[in-house]
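Undergrad: Quick one: sequence plus predicted model below, questions after.
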Amino acid sequence: MLVVVMAVALADWHGRVVDGMTKEPLARVAVECGAEKTQTDGQGRFQIHCDEPTLRIGTVGYRPLKFTPEGDELEIELFPETFRRQESVTVEAGPYARDAPLAVSLLGNELKNLGSVLADDPLRSAQALPGAMSNDDFSSQFSVRGAPFDRVGLYYDGILLHHPFHAVEGETTTGSLTIINGDLLDGMLLYPSAMPPKFGDRTAGALDLLGRDGDRDKIQARISASASNAAGLVEGPIADRGSWLAAVRKSYMEYILQRTSSDPTLAFGFTDGQGRVRYDLTPHNSATLAATVGESALDRTAKIPTAGPNSVITSDYTFTSLQATLHSTFGSAWNVSNTVAWERERAVIRNKDDSPLYASGYGEWVANSDVSWGLRSSVLLEFGSSFRRLRDDGYAFYYQYNPMSFRPLERFRGSGLRAGGYAQASLTRWNGRLSLSVGGRVDGDTDSTPHVASPYAALGWQIFPATRIDLAWSHAVQYPEIAQLYSLFGRTTLLPMRAQHEVLSLDQRLGERSRLRVETWQRLERDLLGRPLNEIRIDNGQIVPVPPNAPWTNSAREWSRGVQVMLQRRTANGFTGWLGYSYAKAWARDGILNRTYPADDDQRHTVQGYLSYRLRPSVNLSGRWLYGSGFPVPGFYSGATHLLYVAAQRNQVRMPYYQRIDARINKAWQRDRARWTLFAEAVNILDRKNLRVDSYNGYNSTTHQAYQSFITLFPILPSAGMLVEF
């Protein structure tokens, strides 16, 4: 980590501190030697005089360094807190080197600051990325350019995760929190359009979580406590051939939600843990073993005296994921990864009589292979395959008294094999100024219709040194869930959903560390799954009630178009962050109802802003601004949110606009053996009364008034947390 230029007297040291990833000079870094203190200037340089043998270097957001120098002219590298030194350190070619074309990234301290002290959730960080849309403080999930989260793939270490969320399963209005611990991530990439062909079985977008290995230098530990949970993480080397890490979290967020929300299904608690081991078997082969376990629980036994037979009293949900990967290299051109993974989800909800209201059990075996071949310095071939064995079973019951009876609201059980393969060839010319990628994938499912081919093509052209144009065209496919194919209301002849993406992006650099990106896109989707007859509506002036057996059908099409503008600055010094604005229109047409209407996730205006500034070596300020003009209230309604009526057209009424501004301060104290960091945050500092849709409660057959309830999201809410690293 040190590069010594020459050795001179111990008492007079000077040198430069840089970011270990980008080599950018770091200003406002504290340098201490005994009682002497100084800090680096705008070029990262420092000078200090003392007669003690140890230097201590540190600043908020970076891992502190303590060492005994061997010279007076020093080049010192500091690494972000979220980065852990592994087999080697790759120097990035600028602040946007890790961004893929047509994707936006979240790296380093951005990931931690945006996760929020209150929730500490990496997917809540992603909600601040341009392209994402979320108007719900209680949920980790978000929509992407007019498409719901269930059509967006969440990939972790190359595996498509099914439902890795702490929540009350079976309750559509419950809150959620990601089981993946943000401390185990190096960053994430959001593809809001035209995903590369390696991302399969989702039609609208992909969020790629970049996991990390443990530290290979020394054993380190961190313990944190925040407004929502307490957590601990320990990591370290395995001799000279590997690393390990283990992390655990325990929630007490249910106590906050009980006091800030009127929805009882939000106040759940959770416990989760993750572990990871990587070991070098040979110089060209290494193995990774990883495990994730999470459990969520809700206990409302105090409400039994006033609860009805269908009130949620207790719930339990468990998530387990095990994964083994063999990484191999052959020469300098071939990289091969083979992965075997297993996922399991179990959920049960019970009423006041301890009778089940809902239960489900999902399981999946996965075998993935990914190969990359650097045919020449300008040609890269990538190809791979995926085999997934899925099974799912579950039910939902409705109870009534006098006489005591129950009826099934839903029941499903089934299994199937889902397989796919992809290939992509990438060519660069003229020192990277021109790039071309072509490829595609083929997918099939034993329980659904024929194999589907999905082509992909992308072109990038750097027309000027600071100006680049990217465009892409692709198709994507997503198969029905097992629970839909084998539902009481489904059938195995349901078709897969399909999408066509077209996107054009202009990236204009404004100096070395700033850029302006303008992007326009179009997404056309067909064969979308839904139950269009499962909502009350008016036909010919009369209310049409919901039939008891409204089926799943491929009756809908959607199209989304829009433009997005993002101004971003990414630097280790000064102000860093972005401001993004999106204008979008998403429309749907249902063939059974013969109606065209705004899509459920149609939001015309969306703003996302993030700003961070390292004020002093030990103090960092950050904040974010989220604004949305409002999603439709799903259903056949007219009027306003405070007074709704059953209508003939769908999604006519919109939610009030959503706005939230959060502010955060990180303050660090460095001691000889430990560093303490205090996080203080104020959520919704404007005290905006944001709303979310809660539940439909029936209608008046005479006046046609519909009773749809709403709940208020977080008020202005201060919170704090503490982190100790040693």
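TA: Here it is on my side, so go on.

Undergrad: can we go C-alpha only for contacts and neighbour counts from here?
TA: OK.

Undergrad: Could you report the neighbour count for residue 463?
TA: 11 (other Cα atoms under 10 Å).

Undergrad: Excluding chain neighbours, what is closest to the residue most central in space within the chain?
TA: Computing the C-alpha centroid of the chain and ranking residues by Cα atoms, centre = their mean puts residue 123 first, at 3.4 Å. Ranked by Cα to Cα, 6 or more residues apart in numbering and with sequence neighbours excluded, the top spatial neighbour of residue 123 is residue 140, at 5.6 Å.

Undergrad: can you give me the helices for the stretch 201-350 of the chain?
TA: Taking DSSP state H, counting those that start in this stretch as the test, the helices found in the stretch 201-350 of the chain are 253-260.

Undergrad: which other helices and strands contact the longest strand seen in the chain?
TA: Longest strand in the chain by number of residues (criterion: DSSP state E): strand 405-429. If you count contacts as 3 or more Cα pairs under 8 Å, 6 or more residues apart in numbering; DSSP states H and E, strand 405-429 packs onto strand 379-400, strand 434-445, helix 482-485.

Undergrad: what comes up buried for that strand?
TA: Across strand 405-429, burial judged by 16 or more other Cα atoms under 10 Å covers 410-428.

Undergrad: rewinding a little: and the residue nearest to residue 123, what does it touch?
TA: Applying Cα atoms under 8 Å, 6 or more residues apart in numbering to residue 140 gives the contacts 121, 123, 124, 175, 176, 177, 178.

Undergrad: Identify the bridge partners of residue 325.
TA: On the basis of DSSP bridges, residue 325 is bridged to residue 288, residue 339.

Undergrad: can you check the one 4 residues further on too?
TA: Applying DSSP bridges to residue 329 gives these bridge partners: residue 335.

Undergrad: List the contacts of stretch 657-672.
TA: With Cα under 8 Å, 6+ apart, stretch 657-672 has contacts from 58-60, 113, 135, 618-630, 675-686, 688, 690-691.

Undergrad: Apply 6 Å and report the result again.
TA: Identification of contacts with stretch 657-672 by Cα atoms under 6 Å, 6 or more residues apart in numbering yields 135, 618-630, 675-685, 690.

Undergrad: just stretch 217-236 next, same as before
TA: 118-119, 214-216, 237, 243-253, 719-726.

Undergrad: In strands only, show me the residues you listed.
TA: 237, 243-251, 719-725.

Undergrad: and the helix or strand that contains residue 692, average pLDDT?
TA: Applying DSSP states H and E as the criterion places residue 692 in strand 691-699. For strand 691-699, the mean pLDDT works out to 87.

Undergrad: which is the next helix or strand following that strand?
TA: strand 705-712.

Undergrad: relative to strand 691-699, how tilted is that next one?
TA: Calculated by axes from the mean of the first three to the mean of the last three Cα atoms, to 10 degrees, strand 705-712 forms an angle of 150 degrees with strand 691-699.

Undergrad: Dump the C-alpha coordinates for strand 705-712 into PDB.
TA: Extracted as PDB, the C-alpha positions of strand 705-712 are listed here (Å, rounded to 0.1, in the frame of the first residue of the first chain):
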ATOM      1  CA  GLN A 705     -68.700   5.300  -3.800                       C
ATOM      2  CA  ALA A 706     -65.500   3.200  -3.400                       C
ATOM      3  CA  TYR A 707     -63.700   2.800  -0.100                       C
ATOM      4  CA  GLN A 708     -60.000   2.700  -0.700                       C
ATOM      5  CA  SER A 709     -57.800   3.400   2.400                       C
ATOM      6  CA  PHE A 710     -54.500   5.200   2.400                       C
ATOM      7  CA  ILE A 711     -51.800   5.400   5.000                       C
ATOM      8  CA  THR A 712     -49.300   8.200   5.700                       C
END
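
Undergrad: so how far is that strand from its chain's centroid?
TA: 29 Å (Cα atoms, centre = their mean, to the nearest Å).

Undergrad: how about it: buried residues?
TA: 705, 706, 707, 708, 710, 712.

Undergrad: Quick check: residue 110 is in a helix.
TA: Yes: membership of residue 110 in a helix is supported by DSSP: H, G, I helix; E, B strand; the rest coil.

Undergrad: Numbering from 22 from now on, please.
TA: Okay, using 22 as the starting number, the last item reads as residue 131.

Undergrad: what's the neighbour count on it?
TA: For residue 131, using other Cα under 10 Å, the count is 22.

Undergrad: Read off the pLDDT value for it.
TA: Reported pLDDT for residue 131: 87.

Undergrad: How about the contacts made by it?
TA: Here residue 131 is in contact with no residue (Cα under 6 Å, 6+ apart).

Undergrad: hmm, try it at 8 Å
TA: Contacts of residue 131 (Cα under 8 Å, 6+ apart): residue 146.

Undergrad: how close does it get to residue 293?
TA: 23 Å (Cα to Cα, to the nearest Å).

Undergrad: again with residue 89
TA: To residue 293, residue 89 is 39 Å away according to Cα to Cα.

Undergrad: Check residue 260 too.
TA: Counting by Cα to Cα - residue 260 and residue 293 are separated by 28 Å.

Undergrad: for residue 433, same thing?
TA: 28 Å.

Undergrad: Residue 407 too?
TA: 27 Å.

Undergrad: Need the pLDDT of the residue nearest to the centre of the chain.
TA: 90.

Undergrad: ok, back up a step: now the contacts of stretch 238-257: which count as buried?
TA: 139-140, 235-237, 258, 264-274, 740-746.

Undergrad: The contacts of residue 161 into JSON lines, with extra columns for distance to residue 334 and secondary structure?
TA: JSON lines is the format used below for the contacts of residue 161 (distance: Cα to Cα, whole Å; DSSP: H, G, I helix; E, B strand; the rest coil):
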{"residue": "142", "distance to residue 334": "26", "secondary structure": "coil"}
{"residue": "144", "distance to residue 334": "28", "secondary structure": "helix"}
{"residue": "145", "distance to residue 334": "28", "secondary structure": "helix"}
{"residue": "196", "distance to residue 334": "16", "secondary structure": "coil"}
{"residue": "197", "distance to residue 334": "18", "secondary structure": "strand"}
{"residue": "198", "distance to residue 334": "20", "secondary structure": "strand"}
{"residue": "199", "distance to residue 334": "23", "secondary structure": "strand"}
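
Undergrad: Residue 178 contacts residue 233, doesn't it?
TA: No: when contacts are counted by Cα atoms under 8 Å, residue 178 is not listed as touching residue 233 (9.3 Å).

Undergrad: higher neighbour count, those two?
TA: Per other Cα under 10 Å, whichever of residue 178 and residue 233 has more neighbours is residue 233, with 19 against 15.

Undergrad: could you measure that one against residue 133, distance?
TA: 15 Å.

Undergrad: likewise residue 146?
TA: 8 Å.

Undergrad: Please apply the same query to residue 155.
TA: 18 Å.

Undergrad: What of residue 67?
TA: 28 Å.

Undergrad: next one: residue 704
TA: Remark: distance between residue 704 and residue 133 (Cα to Cα) = 15 Å.

Undergrad: From residue 83, how far out is residue 61?
TA: 14 Å.

Undergrad: An error on my part: the question was meant for residue 293.
TA: Going from residue 293 to residue 83 by Cα to Cα gives 26 Å.

Undergrad: who has more neighbours, those two?
TA: Neighbours per residue, other Cα under 10 Å: of residue 293 and residue 83, the larger number sits with residue 293, 23 against 19.
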